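Novice: Sharing a model prediction with you, sequence too.
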Amino acid sequence: MKILVCVSNVPDTTSKIAFSDNNTKLDTNGVQFIIGPYDDYALARAVELKETAGASVTVINVGLVETEPTIRKALAIGADDAIRVNAFPTDSLFVAAQIAEQAKGYDLILMGRESIDFNGGVVHAMVGEMLGIPSVSPVMKLDINGTKATMTIEIEGGKEQVEANLPLVAGCQEPIAEWKIPNMRGIMSARTKPLKVVEAKSVEVTSVNKSFELPAPKGAVKMISADNVAELVTRLKTEAKVL
Amino acid sequence: MNILVFVETSEGKVRKASLEAIAYAHAMRGTTTAIALGKADAAELQALGKYGAAKVLHASDPKLDEHVPQVYSSVLAKAMQDENADLLLLANSSLGTPVAAKVAIKTGASFVSNVTELPDLSSGFTVKRSIYTGKAFAHVAMTGAKKVITLKKNAAEAKETGGNAQVVAYAATLNQADFNTKTLSTEKATGDILLPEAEIVVSGGRGMKGPEHWGILENLAKALHAATGCSKPVSDMGWRPHHEHVGQTGVKVAPQLYIAIGISGAIQHLAGVNSSKCIVVINKDADAPFFKAADYGIVGDAFEVVPKLTEAILASK
Ligand SMILES: Cc1cc2nc3c(=O)[nH]c(=O)nc-3n(C[C@H](O)[C@H](O)[C@H](O)COP(=O)(O)OP(=O)(O)OC[C@H]3O[C@@H](n4cnc5c(N)ncnc54)[C@H](O)[C@@H]3O)c2cc1C
Ligand SMILES: Nc1ncnc2c1ncn2[C@@H]1O[C@H](COP(=O)(O)O)[C@@H](O)[C@H]1O
């Protein structure tokens, strides 16, 4: 079985977001970049399947050269080789088109349920559509039996058991697998694992980020004494008008 | 502008998020056609007129009762064509979002998800969307002739304005090859208020000490007609089901009121609640970071404060 894992390179979840160049660029000063947390679940499940079912695991990232440390980390966690599509990931459609271009011949394409920068939650659906194969998300449990995948997905207020044939695209989330931390041997071997750089195919982009904006700062918190909770109820009614 | 709105149903009932989508189309002063697929309550479909739908299409083929995104996207792409729609609107959801993405590809439309406000039409068509899990917004220009948009909760207010709409049967052409996923079973919490749609959320963290103490939270939630949520460690430890966990890696909520009890306010948790209109924090530690993100705060022991709060709410009714 050939597995492709799509990893995004995103600001660490604790990052403070700020913009530069007249609010047209993310200010990357002091921002640490990581593998998207959901992508980490996808990668962990892929490595488990490699160990239990004998699969090969390739990671792919659409990004410029600065994403290579993130790709190397994915290799250290257990992927066998990597592809970097050399382009800035401008929007989901562009990213999906690049992944679909490279994804032919894989049995299982694993992603995160969503990236934590642009939060589209759509690249998996788009890649499935482009390749004409099923896509399922968010997958909390994934078992492969021959050419059939059985999955548990989360829906609003519950869960569903879903079945589909391979090849398949799955957007993953916990508790599909435990995150894996690279060990020393993994880190050493990651340095020499193959990382292929390919140029991007051209895609017509019809949604363009013009500028960014931060939410209005929150006013100061109003503290209420624990002995006077009735005041909170009054304030929620008359001041905040939410009751 | 001709706007087609996908109406999502659950057990035949129209989801509130879809009412907001219709209100959004109405506020754009478009000619609004709503479309529901599979089992749907006839009276509820007629009532969509009250929110601004001029016409409601209903494809009632029982094969559509199963929510297969591939099938839904083919039907909606065709309906966009049949209705000559310039814009397709859907609510963000586990079904709506992938369906939207697929329709956009099938039709070659411009696509943006997580939209939070009405578009700016002053030069072209620009939408505001939430990014970085609510930590920022992007203004996105959509240049395609056809457009597909998914809406975040509260992008428009669902208000009753007009009267009932006429419901017209829509004959969907189904393609067997689209049935490429099969639902084996569904497990759903019934009767509960859905967390992503709730107007009030009562959420508990590790400060609640154990699942056996959730009763006081549930009483508060009941008094407020609220949904219950929790922090990630709480669902990780199995105190509460996974679909109740709020935050960066869980549900993103946007209620009128979010009450956080015994939750410290880690940035990953805040990422899921920062679209709430009003946040109340109850924590015994005055230095808990959550207070910085709150509108109202009470420093105190949850086991004392929460029952008192429930009483005060019941007394105020
Ligand atoms: C990649 C990543 C993603 C994450 N995603 C999420 C996410 O989506 N959602 C999420 O919630 N977390 C997430 N986390 C975890 C997050 O960092 C915090 O660890 C978590 O939110 C803490 O949960 P908590 O506030 O319930 O527990 P704690 O941090 O242990 O806080 C408990 C609080 O309860 C208070 N308390 C204790 N006893 C009482 C009492 N009797 N009365 C009142 N207050 C009391 C304490 O003062 C404390 O503030 C993520 C972490 C990572 C690394
Ligand atoms: N630049 C990228 N390179 C590779 N994979 C990506 C990239 N961006 C997003 N993905 C994958 O697509 C998933 C969904 O992303 P999104 O639709 O942007 O929320 C992510 O969890 C990743 O697995």
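Specialist: Yes, it's here. Ligands and ions are numbered 1, 2, ... in the order given.
Novice: from here on, contacts and neighbour counts on C-alpha atoms
Specialist: Noted.
Novice: Quick check: the gap between A:Y106 and A:G30.
Specialist: Applying Cα to Cα, to the nearest Å, the value for A:Y106 to A:G30 is 37 Å.
Novice: Next: A:I60.
Specialist: Counting by Cα to Cα, the separation of A:I60 from A:G30 is 25 Å.
Novice: of those two, who's got more company?
Specialist: A:I60 (26 against 9; other Cα atoms under 10 Å in any protein chain shown).
Novice: Which phi and psi values does that one adopt?
Specialist: phi -130, psi 140 (degrees, to the nearest 10).
Novice: So what sits opposite it in the bridge?
Specialist: With DSSP bridges as the criterion, A:I60 is bridged to A:C6, A:I83.
Novice: give the contact list for it.
Specialist: A:I60 makes contact with A:4-7, A:71, A:82-85, A:99 under the criterion Cα atoms under 8 Å, 6 or more residues apart in numbering or on different chains.
Novice: mean confidence score for the longest strand along chain A?
Specialist: When chain A is parsed with DSSP state E, its longest strand is strand A:135-145. If you average the pLDDT over strand A:135-145, you get 96.
Novice: Residues contacting that strand, please?
Specialist: With Cα under 8 Å, 6+ apart, strand A:135-145 has contacts from A:113, A:124-125, A:127-129, A:149-154, A:168-176, B:94.
Novice: Partner strands of that strand, with direction?
Specialist: Sheet pairing of strand A:135-145 (DSSP bridges) gives strand A:148-155 (antiparallel), strand A:168-172 (parallel).
Novice: any idea which of these is most buried?
Specialist: Ranked by mean neighbour count, the strands paired with strand A:135-145 are led by strand A:168-172 with a mean of 28 (mean count of other Cα atoms under 10 Å in any protein chain shown).
Novice: which residues are contacting that strand?
Specialist: Residues from elsewhere that reach strand A:168-172 (Cα under 8 Å, 6+ apart): A:38-39, A:41-42, A:107-114, A:124-125, A:127-128, A:133-140.
Novice: where in the chain is pLDDT low?
Specialist: Picking chain A for this. Applying pLDDT under 70 to chain A flags no residue at all.
Novice: Chain B is the one I meant
Specialist: Applying pLDDT under 70 to chain B flags residues B:190-192.
Novice: rerun that using 50 as the cut-off
Specialist: Low-confidence segments of chain B (pLDDT under 50): none present.
Novice: just curious, which of the contacts of A:I60 is nearest to chain B?
Specialist: Using Cα to the nearest Cα, A:I99 comes nearest to chain B of the contacts of A:I60, at 14.5 Å.
Novice: To which secondary structure element type does that closest one belong?
Specialist: In three-state terms, and counting by DSSP: H, G, I helix; E, B strand; the rest coil, A:I99 is helix.
Novice: Next, the contact list for A:I187, please.
Specialist: A:I187 makes contact with A:73, A:75-77, according to Cα under 8 Å, 6+ apart.
Novice: how many neighbours does the nearest residue to B:L37 once chain neighbours are set aside have?
Specialist: Spatially, and ignoring its direct neighbours in sequence, B:L37 is nearest to B:A59 (5.0 Å; Cα to Cα, 6 or more residues apart in numbering or on different chains). Using other Cα under 10 Å, B:A59 is surrounded by 20 other residues.
Novice: now do A:P215
Specialist: A:P215 is flanked by 12 other residues according to other Cα under 10 Å.
Novice: before we move on, what SS does it have?
Specialist: The three-state assignment at A:P215 reads coil, by three-state DSSP.
Novice: ok, now how distant is the nearest residue to it once chain neighbours are set aside from ligand 2?
Specialist: Counting by Cα to Cα, 6+ apart, A:P215 lies nearest to B:A136, which is 6.0 Å off, once chain neighbours are set aside. Separation of B:A136 from ligand 2 (Cα to the nearest ligand atom, to the nearest Å) stands at 15 Å.
Novice: how close does B:A136 get to ligand 1?
Specialist: From B:A136 to ligand 1 the distance is 17 Å (Cα to the nearest ligand atom).
Novice: Make sure that residue is actually in contact with A:F212.
Specialist: Yes - using Cα atoms under 8 Å, B:A136 is in contact with A:F212, at 7.1 Å.
Novice: B:G108 and B:A145 touch, don't they?
Specialist: No - applying Cα under 8 Å as the test, B:G108 and B:A145 come out as separate, 9.1 Å apart.
Novice: So for the two, which residue has more residues nearby?
Specialist: A direct count of neighbours by other Cα under 10 Å for B:G108 and B:A145 places B:G108 higher, at 16 against 11.
Novice: Name the nearest residue to the more buried one, sequence neighbours excluded.
Specialist: Leaving aside its chain neighbours, B:G108 sits nearest to B:K146 (7.5 Å; criterion: Cα to Cα, 6+ apart).
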